[in-house]
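From the sequence below, what's the structure:
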Amino acid sequence: MITIWAPEGVGEVRRGDDLAEHLLRVSTGSTHESSLTDAGALTDGSSLTDGDVVCVTSKVVSKAEGRVVTSDRAEAVVRETRRLVARRGELSIVVNRLGLTMAAAGVDASNVEQGQVVLLPEDPDRSARALRAAVRDRTGANVGVVVTDTAGRAWREGQTDIAVGAAGVRVLDDHAGRVDPYGNTLAVTAPAVADELAGAAELAAGKLGRRPFAVVRGRGDLVLPPDDDGPGAAALLRPESADLFGLGAREAVLEALRGDPDGRRVFGTPMDATELGDLLAALVGSRVGVQPERVDVAASDARSRWVTEVTAYAHGWEVVDEDASRMGLRPATP
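Below you'll find the model as predicted:
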């Protein structure tokens with residue numbers, strides 16, 4: 001059975017506060033309870049024990065670490081942004097300085113005084129390690145820690161909580177090579193269990209209940225030994241070159257037209273030469289020669305040359321030589 005509880009009475013967290021003290025002070029007091037298997041109450045007073053996973057919102061971590069700043073939110077978003085993914089009106093989806101793809105870079109203006117914003121922790125994995133170590137030092141309990149934040153999902157309405165920091169928790173449960181009950185070998189199934197823990201914790205804590213901690217019990221198999229903090233939530237970040245949706249629909253078109261070499265990595269690894277040859281033949285309607293690391297396109301008019309150059313860029317290739325009637329292409333390094 002998996003049980004989740006969110007302690008009541010944490011109160012306002014301020015810069016310099018000891019999060020472990022806040023957690024341990026309330027972990028045996030009044031709780032908001034939830035169970036994923038039945039509606040029964042907890043039986044042990046809710047004190048922490050080996051195998052528990054403590055989930056804590058990034059907002060209280062940020063408040064304790066002094067990441068509340070006086071700033072215009074739009075300006076803070078710009079400072080926290082590493083790369084724009086998509087923009088529609090005032091909404092911007094960006095890759096922030098932590099490598100997370102989030103709306104407004106994860107900058108939050110709620111539950112703080114007007115004129116202030118909350119930035120994500122400087123290093124959420126480090127924050128998780130510190131809280132895990134403090135709990136073990138003071139209680140002897142070997143727990144995992146997940147730092148959570150709210151994020152939207154592509155193709156889905158609404159938001160859910162995800163892991164932005166983790167310590168002592170297996171963040172990914174790789175099923176590759178396992179066999180299902182029908183005898184099929186699994187190839188790519190890999191539940192993001194740290195995100196699942198974060199989402200489950202939010203069900204118990206709620207958005208408006210002022211319960212920044214939640215404890216998940218019943219998945220001790222995901223908690224690592226005391227001397228192993230694991231790779232952290234950073235291990236869940238997909239490399240840019242492997243992301244099929246590294247840009248919004250409009251932004252991808254503009255980036256391909258711009259052709260900036262620094263933007264090439266967002267389009268991933270080079271397309272197979274045969275596939276690129278077939279694509280260009282269909283687009284420009286002319287003869288295309290294909291070799292393993294070389295594609296030659298018969299292109300004499302301005303439109304064909306422009307289409308060839310943009311298509312090559314968007315698929316990881318580049319123009320290496322050309323004359324008035326032909327363009328030679330080879331794979332570029334993302």
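
part of a strand, is G328?
Yes - applying DSSP: H, G, I helix; E, B strand; the rest coil, one finds G328 inside a strand.

ok, now which ones touch it?
Counting by CB atoms under 8 Å, 6 or more residues apart in numbering, G328 touches R294, V295, D296, V319, V320, D321, E322. For every residue, glycine as well, the C-beta is placed using N, CA and C.

Give me the secondary structure label for the third one.
In this case it means D296. Secondary structure, three-state DSSP: D296 is strand.

Next, the contact list for the closest residue to it other than its chain neighbours, please.
The shortest distance from D296 to any non-neighbouring residue, by CB to CB, 6 or more residues apart in numbering, is to G289 (4.1 Å). G289 sits next to G277, V295, D296, V297 when contact means CB under 8 Å, 6+ apart.

Please check those and keep the buried ones.
Those of these that meet the buried threshold are G277, V295, D296, V297, by 16 or more other CB atoms under 10 Å.

Kindly reformat these as JSON lines containing pLDDT and distance to R156.
Listed next are those as JSON lines, based on pLDDT from 0 to 100; distance: CB to CB, whole Å:
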{"residue": "G277", "pLDDT": "95", "distance to R156": "37"}
{"residue": "V295", "pLDDT": "96", "distance to R156": "38"}
{"residue": "D296", "pLDDT": "96", "distance to R156": "43"}
{"residue": "V297", "pLDDT": "96", "distance to R156": "40"}
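
so which of these would you say is closest to L186?
Distance to L186 across these (CB to CB) is lowest for G277, with 34.0 Å.

neighbours around the spatially closest residue to A166 that is not a sequence neighbour, how many?
Nearest residue to A166 in three dimensions, chain neighbours excluded: A233, at 4.3 Å (CB to CB, 6+ apart). Using other CB atoms under 10 Å, A233 has 29 other residues around it.

Over to G106?
So G106, with other CB under 10 Å, has 26 neighbours.

Check whether it really touches E80, as I assumed.
Yes - between G106 and E80 there is a contact at 6.9 Å, judged by CB atoms under 8 Å.

Okay, now the unreliable bits of this structure?
28-46, 334 (pLDDT under 70).

circling back to that earlier point, looking at the buried ones among the contacts of G289, which is nearest P181?
Distance to P181, by CB to CB, is smallest for G277 among these, at 43.1 Å.

For that closest one, which residues are in contact?
When contacts are counted by CB under 8 Å, 6+ apart, G277 touches V288, G289, V290, V295.

what pairs with the first one across the strands?
In this structure, V288 has beta-bridge partners V297, where bridges are defined by DSSP bridges.

so it touches A299, yeah?
No - here V288 does not reach A299: they are 9.4 Å apart, not a contact under CB under 8 Å.

So the two - more neighbours on which side?
More crowded of V288 and A299, by other CB under 10 Å: A299, with 23 against 20.

so that one sits right up against M327, yeah?
Yes - using CB under 8 Å, A299 is in contact with M327, at 5.1 Å.

residue boundaries of the helices in the stretch 51-200 of the chain?
Ranges of helices in the stretch 51-200 of the chain, per DSSP state H, counting those that start in this stretch, are 58-64, 73-80, 124-139, 193-205.

So which of those helices is nearest D174?
Nearest to D174, of all those, is helix 193-205, at 10.2 Å by CB to CB.

Remind me what the very next helix or strand once past the closest one packs against, helices and strands.
Using DSSP states H and E, the helix or strand that follows helix 193-205 towards the C-terminus is strand 213-217. When contacts are defined as 3 or more CB pairs under 8 Å, 6 or more residues apart in numbering; DSSP states H and E, strand 213-217 packs onto strand 3-7, helix 19-26, strand 53-57, helix 193-205.

Can you tell me which of the ones you listed is most buried?
Per-stretch averages of neighbours, counted by mean count of other CB atoms under 10 Å, single out strand 53-57 among the helices and strands packed on strand 213-217, with a mean of 28.

what angle separates that strand from strand 3-7?
If you take axes from the mean of the first three to the mean of the last three CA atoms, to 10 degrees, strand 53-57 sits at 40 degrees to strand 3-7.

Just checking: what are the partner strands of strand 53-57?
Here strand 53-57 is paired, per DSSP bridges, with strand 144-153 (parallel), strand 213-217 (antiparallel).

For L24, which of these is the nearest?
Proximity to L24 (CB to CB) singles out strand 213-217 among the strands paired with strand 53-57, at 10.0 Å.
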